[in-house]
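Q: test case, fold it:
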Amino acid sequence: MTKTKVVIIGGGWAGCAAAITAKKAGANVVVYERTDMVLGLGNVGGIMRNNGRYTATEESILLGANELFELCDNCSRHKNIDFPGHQHANLYDVTIIEPRVRRLLEYKGIKIYFQQRVIDVIKQDNKIAAIKLQDNSIVEGDVFIETTGSTGPMGNCLKYGNGCAMCILRCPSFGPRVSLSYKAGVEDILGQRSNGSFGAFSGSCKLNKDSLSKEIVEELNKKGVFVIPVPKEDVNMDKLNMKVCQQYALKEYAENLVLLDTGHAKLMAPFYPLEKLRKLPGFENVRFEDPYAGGIGNSIRYLSIAPRNNGMKVDGLDNLLCGGEKGGLFVGHTEAIVTGSLAGHNAVRTLLGMPLLELPRNLASGDIIAYANEEILKEEGLKRRYTFAGGDYFKRMKQLNLYTTDTKLLSNKIDRLNLLNIYCEKLV
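A: Residues are numbered from 1 along each chain as shown. Prediction:
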């Protein structure tokens, strides 16, 4: 058999994870990324291993998807820290992570094509034969993985948010994201807010650290966390309902400003009026780093989810898989890597006609994929977000006894399931 060609559209955390596991399974892998950087929202994120993400991280490492998690650990500015509602978190440095991930993929022989926006698909029966790029060139492949995310184009942020947030995704410069599953005839699923409107605001902003007072910077550098009470007249509980990141939609985040040190100062709020922010002691000269419109709004997410099975294959198409936010109402880098890793491995299984791997539900990684798929069929389920780090799903993890920091226990469990290093198996 000729070597399998897996084409990945989108170079965020999910796309990078899919590329690595597809490569490990023996495929020839190419990634098409519309901007000039990999990682997408991962360039302004940075929170790893908090709460149930610790469990999911260790599960993935034991399954054989270790590289990206180990790289994040190695790039962490702070390890094993606590902040309101969260324990044992690592905060990776967003200013150094992207080139290291890029070099990792290149070292593994994965070709990344930058500033290559995919605008359409060419179908044959129930299969995608090729993708079409913005310059009208055609790229053929055997199996395709869509990890384009759910944010953009600009019109969505205008319609459902407070305008273009001028965020790291840079739609005005690199063009809008296109839903390829929709282009192939599969209807998108749209997430909702509690009031029934579509989408949700990204949950945090980045402040320029040098624009903060010396005292705040010193505490951030030392502890990784800085918390300051919000003036009572500015406490707004309703703002919590806007957040996509429901693991941070806690009372503490309305009554306080919480900053985390991820290289920049990560402000745990979807947006915050600049004039109000500058009234706080130590914030007199503060400015936003991302999004630049963080005083009035943030990017709108969860407007393009593909229906899929628990092996991450898109419904109705024989050779399209998905990962990250494209594959469900998932929140976070860990969740993107978990779903992307499964999609990459299963891309090779798809071409070989093998049964797709479904992670068992006695693993948190398997349960969240299946549970989110069940809940998305319910009206209320479209208003929820699914993350190992908090909200309803972390409660479920604890109820089902899936949450643990005991790596030996996890190793024994995955060994009993005969899944140790499953992602390292060469299939082609």
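
Q: starting at the chain centroid, how far to the lowest-mean-pLDDT helix or strand in the chain?
A: Taking mean pLDDT, DSSP states H and E as the measure, the chain has helix 251-255 as its least confident helix or strand, at a mean of 79. The chain centre lies 24 Å from the centre of helix 251-255; the measure is CA atoms, centre = their mean, to the nearest Å.

Q: care to break this protein down by domain?
A: Domain assignment of the chain by automatic domain parsing yields the ranges 5-194+301-424, 200-300.

Q: what's the least confident stretch among those?
A: For the domains of the chain, mean pLDDT drops lowest on domain 200-300, to a mean of 88.

Q: that domain: end-to-end distance?
A: This stretch, domain 200-300, spans 5 Å end to end (CA to CA, to the nearest Å).

Q: swap in stretch 264-279?
A: Stretch 264-279: ends 20 Å apart by CA to CA.

Q: then stretch 313-331?
A: End-to-end for stretch 313-331, by CA to CA: 19 Å.

Q: show residues contacting the helix or strand containing L104.
A: Per DSSP states H and E, L104 falls inside helix 97-107. Contact with helix 97-107 is made by 16, 19-20, 31, 37-39, 42-43, 46, 67-68, 71-72, 75, 112, as judged by CB atoms under 8 Å, 6 or more residues apart in numbering. C-beta coordinates here come from the backbone N, C-alpha and C atoms, glycine included.

Q: quick check, nearest of the residues you listed to T57?
A: Taking CB to CB as the measure, C72 is the one of these closest to T57, at 8.5 Å.

Q: pull the contacting residues for the closest one.
A: Contacts of C72 (CB under 8 Å, 6+ apart): M48, N90, Y92, I97, H333.

Q: may I see these organised as CSV, with secondary structure added?
A: Shown next, in CSV, are the contacts of C72 (DSSP: H, G, I helix; E, B strand; the rest coil):
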residue, secondary structure
M48, strand
N90, strand
Y92, strand
I97, helix
H333, helix
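
Q: can you pick out the most distant pair from those residues?
A: Of all pairs in the contacts of C72, the most separated under CB to CB is N90 and I97 at 11.9 Å.

Q: among the contacts of C72, which ones are buried?
A: For the contacts of C72, a burial check counting by 16 or more other CB atoms under 10 Å picks out M48, N90, Y92, I97, H333.

Q: let me have those in JSON lines, extended by distance to T4.
A: Output for these, formatted as JSON lines (distance: CB to CB, whole Å):
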{"residue": "M48", "distance to T4": "31"}
{"residue": "N90", "distance to T4": "34"}
{"residue": "Y92", "distance to T4": "32"}
{"residue": "I97", "distance to T4": "29"}
{"residue": "H333", "distance to T4": "27"}
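
Q: so E58 sits right up against T407, yeah?
A: Yes. Judged on CB atoms under 8 Å, E58 makes contact with T407 at a distance of 5.1 Å.

Q: looking at the two, which one has more neighbours?
A: E58 (22 against 15; other CB atoms under 10 Å).

Q: ok, the more buried one to D406 distance?
A: E58 sits 9 Å away from D406, taking CB to CB, to the nearest Å as the criterion.

Q: swap in N28?
A: 39 Å.

Q: neighbour-wise, which of these two wins?
A: Between N28 and D406, counting by other CB under 10 Å, N28 is the more crowded of the two (18 against 11).

Q: L352 - nearest residue in space that isn't next to it in sequence?
A: Nearest residue to L352, sequence neighbours excluded (CB to CB, 6 or more residues apart in numbering): L427, at 6.1 Å.

Q: what does I337 give?
A: I337 sits nearest to A17 (CB to CB, 6+ apart), 4.3 Å away.

Q: helices and strands around the helix or strand that contains the one you found, which ones?
A: Counting by DSSP H and E, the element that carries A17 is helix 13-24. With contacts defined as 3 or more CB pairs under 8 Å, 6 or more residues apart in numbering; DSSP states H and E, the packing partners of helix 13-24 are strand 5-9, strand 28-32, helix 67-74, helix 97-107, strand 143-146, helix 333-352.

Q: just want the angle from it to helix 97-107.
A: Compare the direction of helix 13-24 with that of helix 97-107 by axes from the mean of the first three to the mean of the last three CA atoms, to 10 degrees and you get 20 degrees.

Q: surely L321 forms part of a helix?
A: No. Judged by three-state DSSP, L321 forms no part of a helix; its state is strand.

Q: my read: it touches F144, true?
A: Yes. If you go by CB under 8 Å, L321 and F144 touch, sitting 7.4 Å apart.

Q: which of these two has more neighbours?
A: Counted by other CB under 10 Å, L321 and F144 do not tie: L321 has more neighbours, with 34 against 29.

Q: so what pairs up with the residue nearest to K209 when sequence neighbours are not counted in the strands?
A: With sequence-adjacent residues excluded and distances taken as CB to CB, 6+ apart, K209 is closest to A265, at 4.9 Å. Beta-bridge pairing for A265 (DSSP bridges): L207, D261.

Q: over to C157. Which of the three states is it?
A: Quick answer, by three-state DSSP: C157 is helix.

Q: and the residue lying closest to G327 once chain neighbours are set aside, how many neighbours?
A: Closest residue to G327 apart from its sequence neighbours, by CB to CB, 6+ apart: T339 at 5.0 Å. Using other CB under 10 Å, T339 has 31 neighbouring residues.

Q: before we move on, what about K251?
A: Count around K251 with other CB under 10 Å applied: 12.

Q: could I get the contacting residues of the closest residue to G282 other than its chain neighbours?
A: Leaving aside its chain neighbours, G282 sits nearest to S213 (3.6 Å; criterion: CB to CB, 6+ apart). Going by CB under 8 Å, 6+ apart, S213 touches P281, G282, F283, E284.

Q: distance check, the third one against D290.
A: Right, F283. F283 is 17 Å from D290, by CB to CB.

Q: the last one too?
A: Relative to D290, E284 is positioned 21 Å away (CB to CB).

Q: of those two, who's got more company?
A: D290 (25 against 12).

Q: next up, the contacts around that one.
A: Contacts of D290 by CB under 8 Å, 6+ apart are V44, C167, I168, C205, K206, H264.

Q: by neighbour count, which of those wins?
A: Neighbour max across the contacts of D290 (other CB under 10 Å) = C205, 28 neighbours.
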